[in-house]
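>>> what follows is a predicted structure for the sequence shown.
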Amino acid sequence: MNWSYKENQIFSLDNNGEVISKVDFTKVDENTIDIEHVYVSPEYRGQGVADKTMLAVVDYLREKKLKATASCSYANSWFRKNEELYKDIIAIEMRTQAAACKINSEH
């Protein structure tokens with residue numbers, strides 16, 4: 001998958017320019033982002049695309065030297081399942097963070 005980046009978003013498009021997958025996040029502070037929403041287009045679900053999307057987030061965080069919290073329930077669960085692999089980018093605040101994805105900036 002090819003990843004594109006714009007402010008507060010990482011996404012991948014198909015050959016027709018339609019969104020395959022995307023992650024929306026906000027800056028919590030200079031060193032931390034909050035992953036608010038992970039989306040995979042219905043025709044790509046069940047194929048490991050969400051996992052690949054989270055791996056793109058990991059690469060982004062490491063490159064930018066950022067940490068993450070995750071109010072998105074999927075991202076929060078993914079980080080918790082893989083905590084040992086990604087402890088360098090998981091913000092300590094995520095341990096107590098409530099998770100419920102935001103859509104259009106609302107839970």
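In hand now; what should we look at?

>>> any idea which helix or strand carries the residue lying farthest from the centre of the chain?
Within the chain, Asn16 marks the point farthest from the mean C-alpha position, 23.2 Å out by Cα atoms, centre = their mean. Here Asn16 sits in a region with no helix or strand, counting by DSSP states H and E.

>>> try the one 5 residues further on
Per DSSP H and E: Ser21 is located in strand 19-29.

>>> in that strand, what's buried?
20-25 (16 or more other Cβ atoms under 10 Å). Heads up, the C-betas are built off the backbone N, CA and C, glycines and all.

>>> helix or strand right after it?
Taking DSSP H and E, what comes next after strand 19-29 is strand 32-40.

>>> give me the contacts around that following strand.
Strand 32-40 is contacted from outside by 19-28, 49-50, 53-54, 57, 61, 66-72, 74-76, 91, 93, 101-103, 105, using Cβ atoms under 8 Å, 6 or more residues apart in numbering.

>>> do stretch 7-22 as well
Contacts for stretch 7-22 (Cβ under 8 Å, 6+ apart): 1-4, 23-27, 37-41, 44, 49-50, 52-53, 56-57, 60.

>>> what sits against Val23?
Here Val23 is in contact with 9-11, 35, 37-39, 53-54, 56-57, 75 (Cβ under 8 Å, 6+ apart).

>>> pipe these into JSON lines and attach distance to Leu85 and pLDDT per row.
Shown next, in JSON lines, are the contacts of Val23 (distance: Cβ to Cβ, whole Å; pLDDT from 0 to 100):
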{"residue": "Gln9", "distance to Leu85": "24", "pLDDT": "97"}
{"residue": "Ile10", "distance to Leu85": "19", "pLDDT": "98"}
{"residue": "Phe11", "distance to Leu85": "23", "pLDDT": "98"}
{"residue": "Ile35", "distance to Leu85": "16", "pLDDT": "95"}
{"residue": "His37", "distance to Leu85": "22", "pLDDT": "94"}
{"residue": "Val38", "distance to Leu85": "17", "pLDDT": "96"}
{"residue": "Tyr39", "distance to Leu85": "23", "pLDDT": "96"}
{"residue": "Thr53", "distance to Leu85": "16", "pLDDT": "97"}
{"residue": "Met54", "distance to Leu85": "11", "pLDDT": "97"}
{"residue": "Ala56", "distance to Leu85": "15", "pLDDT": "97"}
{"residue": "Val57", "distance to Leu85": "13", "pLDDT": "97"}
{"residue": "Ala75", "distance to Leu85": "14", "pLDDT": "94"}
